[in-house]
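# Pasting the sequence and the predicted coordinates here, then a few questions.
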Amino acid sequence: MSISLQQLNEATVEGFVALLDGVYEHSPWIPERAFAAAPFTSLAQLKHALVQVVRDAGRDEQLALVRAHPELAGKAKVALTRESAGEQSVSGLTQCTPQEFSRLQALNAAYAARFGWPFILAVRGPRGSGLTRTQVIETFARRVEGHADVELAECLRQIDRIAELRLDDKFGSEPTLGNQVWDCAELLAQHSDPGYAEHGQLTVTYLTEAHLACQRQLVRWMHDCGFDEVSVDAVGNVVGVYQGSDRAAPRLLTGSHFDTVRNGGQYDGRLGILVPMVCVRELQRTGRRLKHGIEVVGFAEEEGQRYKATFLGSGALIGQFDTRWLDQQDADGIAMRDAMRTAGLDPAKIPALQRDPACYLGFVEVHIEQGPVLDELDLPLGVVTSINGSVRYLGEVIGLASHAGTTPMDRRRDAATAVAELALYVEERAAAQPNLVGTVGMLGVPNGSINVVPGRCVFSLDLRATTDEARDALARDVVAELERICRQRGLHHTLEETLRASAAPSAPAWQRRWERAVEASGLPVHRMPSGAGHDAMKLHEVMPQAMLFLRGGNSGISHNPLETITNHDAQLCVEAFQHLLDHLETT
């Protein structure tokens, strides 16, 4: 029989522990300590209290918790609890082939020798599904090479995920709306560009056949969800409108992009389309109309992968589509203009896409975090305070190429060591102040040789900050240091600014709406900047905007096939969006 929050809230500490027996493997101390946080107003609040106990425990207790778990497909089947046996069975780990069993045993031994505890992985997925044996083995092989502290933290997060799934069993609950987001992301990820699809990699670039297939799928889904108007505009954006009860009232604008980087992940951008689509589906299913209409835009392009232009979709909505881009050619020599016409788009109609800001309340976007912060904090949601401003440079330091054996160390004009010194300065300067980041992402010695002192070194700089003032101060200091290094070493340099993007602070009223939506779920509010660029920073130029982040798994990795979320986190994201919609009249 399923339990309820009311039962837990009315229970003694002994009854509370008994009701949650089996949620954490052989560890009744976790619910015992979480009892202090009762009463609970939501299942999310209960989960967070349990997770917090694990986070606050000492290292010895954490290690004991990890060691209470069995090996995957281990020989000692008698050590499996009923819960563990069922979970391993779902992924077929109890039916391994001899080769798979041998591989798992070798990984178990290597992992135990390296870390001293068993490998932990939540093998169950949405609605009783699970990772395949191949997926389990691939994850095992990847993580066995990790750092001990990082791996212990990941094991604890996996234990918390296992507990979350077991709580579903006890409460008889299911993240139905989160499952819809999960399923749509999986289905959309079936479309990938040639050369990538054959290797199981996800790449969807502007106006390729895979891109158009995603476009058609979004159109079908928007019709199925009950949008009143669904269209594809002149730049390839998919636009869905769910009318409000007052058609004269301004709409809420939301959305994100459905193109991807090469060999990317399936939630970057797409999450911001699927979550509001599910919200509209629920409104239509229950026959509800809000006063304000909702306009969801699946932006056709944000990543700049096929052509040297970014934010084509959102830029068109604010009147910033540069017609010179139409003459750009991709790697195959296809001009953007021709690609658009082949896709049935009319570039002449792009100027008409510009929106009148007076017709909108503002723009909101939900997005996977694309970083490790929420994952490390064990928090599903984060409220964005600002999208970082950035500046990028391409540079070259020029010295003198000379013989590595005959040139004394005090007579060298080494361009590479100069850039290395600059890279260390960038690291030190950015780390000295909160919310600054600096990266030397490219560093190369043209025509370098093992026995030649580098005479040239090319490099890139990517500098970001939450405000334009902090960004510009960082840039001034880095450029000044480059000049100092070159003077001291007898070198000269070139430096070209290639991009400058202004910071986009969240509109205070909209940020508060997201904060209240997170609070309504029973979770603490975590405020954080966005280091990555988003469509929201373009809409920020003409209307108020604010973003909500969703935690990414695998240490928050993004722009990578390992990018992942859980259906439970997606459920909380949908519920937060629903709360925001229900309180649009609240400032």
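Happy to help now that I have it. None of the values given here were measured: they were computed from a predicted structure.
# going forward, measure contacts between C-alpha atoms and count neighbours the same way
Noted.
# Neighbours of G405, how many?
For G405, the number of neighbouring residues by other C-alpha atoms under 10 Å comes to 10.
# Quick check: it touching I450?
No. With contact defined as C-alpha atoms under 8 Å, G405 does not reach I450; the gap is 10.6 Å.
# Okay, and the beta partners of A546?
V364 (DSSP bridges).
# Distance of the closest residue to A470 other than its chain neighbours relative to A473?
Using C-alpha to C-alpha, 6 or more residues apart in numbering and skipping residues adjacent in sequence, the residue nearest A470 is L436, 7.7 Å away. For L436, the distance to A473 equals 11 Å [C-alpha to C-alpha, to the nearest Å].
# Please apply the same query to L290.
45 Å.
# ok, now L5?
For L5 relative to A473 (C-alpha to C-alpha), the value is 52 Å.
# And for stretch 477-495, what's in contact with it?
393-399, 413, 415, 418, 421-422, 425-426 (C-alpha atoms under 8 Å, 6 or more residues apart in numbering).
# Could you rank the residues you listed by neighbour count and give me the top one?
Neighbour-wise, the contacts of stretch 477-495 (other C-alpha under 10 Å) top out at A415, 27 neighbours.
# so how far is the strand or helix carrying H568 off the chain centroid?
Assigned by DSSP states H and E, H568 belongs to helix 567-582. Remark: helix 567-582 is offset 16 Å from the chain centroid, using C-alpha atoms, centre = their mean, to the nearest Å.
# and L290 and A473? which has more neighbours close in?
More crowded of L290 and A473, by other C-alpha under 10 Å: L290, with 16 against 11.
# got the contact list for that one?
Residues near L290 by C-alpha under 8 Å, 6+ apart: 244-245, 581-582.
# which of these are buried?
244, 581 (16 or more other C-alpha atoms under 10 Å).
# What segments of the stretch 151-300 of the chain are helices?
Taking DSSP state H, counting those that start in this stretch, the helices of the stretch 151-300 of the chain run over residues 176-188, 209-225, 271-285.
# Single out the most deeply packed of those helices.
helix 271-285 (a mean of 23; mean count of other C-alpha atoms under 10 Å).
# Quick check: which helices or strands does that one pack against?
Helices and strands touching helix 271-285, by 3 or more C-alpha pairs under 8 Å, 6 or more residues apart in numbering; DSSP states H and E, are helix 176-188, helix 209-225, strand 251-257, strand 294-299, strand 360-368, helix 567-582.
# Could you rerun that using 6 Å?
Where contact means 3 or more C-alpha pairs under 6 Å, 6 or more residues apart in numbering; DSSP states H and E, helix 271-285 is packed against strand 251-257, strand 360-368.
# Those strands into CSV, with extra columns for distance to E164?
Listed next are these as CSV, based on distance: least, C-alpha to C-alpha, whole Å:
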stretch, distance to E164
strand 251-257, 29
strand 360-368, 20
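# Can you say which of these is nearest to D149?
strand 360-368 (24.4 Å; C-alpha to C-alpha).
# From the chain's centroid, how far away is the closest one?
Distance, centroid of strand 360-368 to centroid of chain: 16 Å (C-alpha atoms, centre = their mean).
# Now the element after that strand, going C-ward?
helix 373-377.
# which residues touch that next one?
With contact meaning C-alpha atoms under 6 Å, 6 or more residues apart in numbering, helix 373-377 is reached by 551, 555.
# Now it: buried residues?
Buried residues in helix 373-377 (16+ other C-alpha under 10 Å): 373-376.
# And for stretch 356-370?
Using 16+ other C-alpha under 10 Å as the test for burial, stretch 356-370 gives 357, 360-370.
# Could you do stretch 480-487 as well?
So for stretch 480-487, counting by 16+ other C-alpha under 10 Å, buried means 481-483, 485-486.
# a markdown table for these, including distance to V181?
Below are those laid out as a markdown table (distance: C-alpha to C-alpha, whole Å):
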| residue | distance to V181 |
| --- | --- |
| E481 | 48 |
| L482 | 47 |
| E483 | 51 |
| I485 | 51 |
| C486 | 53 |
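# I'd like to know which of those is nearest to G455.
Distances from G455 to those, taken by C-alpha to C-alpha, are shortest for C486, at 12.8 Å.
# next SSE after the host helix or strand of the closest one?
Secondary structure assignment for C486, by DSSP H and E: helix 468-489. The first helix or strand that comes after helix 468-489 along the chain, using DSSP H and E, is strand 492-501.
# picking up where we left off before, from the contacts of stretch 477-495, which two are the most distant?
Distances among the contacts of stretch 477-495 were taken as C-alpha to C-alpha; the most separated pair is Y393 and R413, at 22.8 Å.
# burial count for the residue nearest to M1 when sequence neighbours are not counted?
With sequence-adjacent residues excluded and distances taken as C-alpha to C-alpha, 6+ apart, M1 is closest to K170, at 7.6 Å. Residues near K170, counting by other C-alpha under 10 Å, number 18.
# Then R33?
16.
# Next up, the contacts around it.
Contacts of R33 by C-alpha under 6 Å, 6+ apart: none found.
# roughly how far apart are it and V54?
10 Å.
# picking up where we left off before, residues contacting the helix holding H568, please?
Outside helix 567-582, the residues that reach it (C-alpha under 6 Å, 6+ apart) are 175, 177-179, 182, 275, 380, 517.
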